[in-house]
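Student: Mind folding the following:
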Amino acid sequence: MTQSPHSPEKRSGVIRDHEISTAPKSAFAVLHLMVMGICTYLAFGSFEWANMPRALLLWACAALYFLRHILTLFVLLKRRVEFGEAIGLSLFIAVFEIGFLLLGAGVLSGTPAPLGGIDVFAIALVLIGSYLNTGSELQRHRWKQDPANAGKCYTGGLFRTSMHINYFGDTVLFTGWAMLTTSWIAAIVPIGITLGFVFYHIPGLDAYLADRYGDAFKEYAARTAKFVPFIY
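Tutor: Down below sits the predicted model:
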């Protein structure tokens, strides 16, 4: 169904119309760059954190997330982005990127927390989650570049294992990222994100995809896990 410019189709809190929206996306990128600037200042400035190696590791996580975000904004994301969304999500990004770094640096505990085996596991989660999210999106992007696939529902690659493998990837990523802070306060972020995916974003997106692709999507949904690969 074609939407008029004055009646954008909005599902799960975002507008699903395809539109370049260069200005809002550029503003989003600049705002995120500013957040990275603050993280860089905190990690490499003249601060004597109790957990300097951990602060640097958390900076690296933020840098990886920033690079993935730029790729998503200007290559993978085809839908319209509004200035309100860009500003709101930038504030959220600032809270968890700066907050995670400060928590890991020991701003609350003030005591050293040497890196150990659990941190290796956490780093693995960050890398695996990043791959599941961006890797799956790149697979879909390449598939959609073929004109023969225009108007078709993509069900291949990593999306064979889960209808929303990209969202699941973010849950894995943020779980590992939060673990690296060694603070239970950070658990609020992956828990909140996961609940938002399962109870808000996924139902709205599924309704949109069912409208757009009809029986093809319904057949895909019937045989594929919704969120956790092969399980749920």
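Student: Nearest to the spatial middle of this protein, which residue is it?
Tutor: With distances taken as C-alpha atoms, centre = their mean, Asp170 lies nearest the centre of the chain, 4.9 Å away.
Student: which residue packs closest to that one, ignoring adjacent ones?
Tutor: Asn133 (5.4 Å; C-beta to C-beta, 6 or more residues apart in numbering). No exception for glycine: its C-beta is placed from N, CA and C like everyone else's.
Student: ok, back up a step: and the pLDDT at the residue nearest to the centre of the chain?
Tutor: Looking at Asp170, its pLDDT reads 98.
Student: quick revisit: and the residue nearest to Asp170, how many residues sit next to it?
Tutor: 23 (other C-beta atoms under 10 Å).
Student: List the contacts of it.
Tutor: 68, 165-167, 169-170, 173 (C-beta atoms under 8 Å, 6 or more residues apart in numbering).
Student: need those in TSV with distance to Trp184 and secondary structure, can you?
Tutor: Shown next, in TSV, are the contacts of Asn133 (distance: C-beta to C-beta, whole Å; DSSP: H, G, I helix; E, B strand; the rest coil):
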residue	distance to Trp184	secondary structure
Arg68	26	helix
Ile165	28	helix
Asn166	27	helix
Tyr167	24	helix
Gly169	23	helix
Asp170	20	helix
Leu173	18	helix
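Student: ok, back up a step: gap between the residue nearest to Asp170 and Asn166?
Tutor: 5 Å (C-beta to C-beta, to the nearest Å).
Student: Is Thr111 in contact with Arg54, as I believe?
Tutor: No: if you go by C-beta atoms under 8 Å, Thr111 and Arg54 don't touch, sitting 11.6 Å apart.
Student: who's more crowded, those two?
Tutor: Neighbours were counted for Thr111 and for Arg54 using other C-beta under 10 Å; Arg54 has more, 23 against 9.
Student: so which helix or strand takes in the more buried one?
Tutor: Element membership for Arg54, per DSSP states H and E: helix 52-71.
Student: Can you tell me the SS state at the residue nearest to Asp170?
Tutor: With DSSP: H, G, I helix; E, B strand; the rest coil as the basis, Asn133 sits in helix.
Student: Local confidence estimate at it?
Tutor: 98.
Student: from the middle of its chain, how far away would the helix or strand encompassing Ile188 be?
Tutor: Under the criterion of DSSP H and E, Ile188 resides in helix 188-196. Centre-to-centre, helix 188-196 and its host chain are 12 Å apart (C-alpha atoms, centre = their mean, to the nearest Å).
Student: still on that earlier bit, tell me the buried residues in the helix or strand following the helix holding Arg54?
Tutor: Once helix 52-71 ends, the next helix or strand along the chain (criterion: DSSP H and E) is helix 83-105. For helix 83-105, the neighbour count (16 or more other C-beta atoms under 10 Å) marks 85-86, 89-90, 93-94, 96-105 as buried.
Student: again with stretch 135-142
Tutor: Those would be 135-141, for stretch 135-142 by 16+ other C-beta under 10 Å.
Student: Please produce JSON lines containing those, extended by secondary structure and distance to Met36.
Tutor: Shown next, in JSON lines, are the buried residues of stretch 135-142 (DSSP: H, G, I helix; E, B strand; the rest coil; distance: C-beta to C-beta, whole Å):
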{"residue": "Gly135", "secondary structure": "helix", "distance to Met36": "22"}
{"residue": "Ser136", "secondary structure": "helix", "distance to Met36": "24"}
{"residue": "Glu137", "secondary structure": "helix", "distance to Met36": "21"}
{"residue": "Leu138", "secondary structure": "helix", "distance to Met36": "22"}
{"residue": "Gln139", "secondary structure": "helix", "distance to Met36": "27"}
{"residue": "Arg140", "secondary structure": "helix", "distance to Met36": "27"}
{"residue": "His141", "secondary structure": "helix", "distance to Met36": "24"}
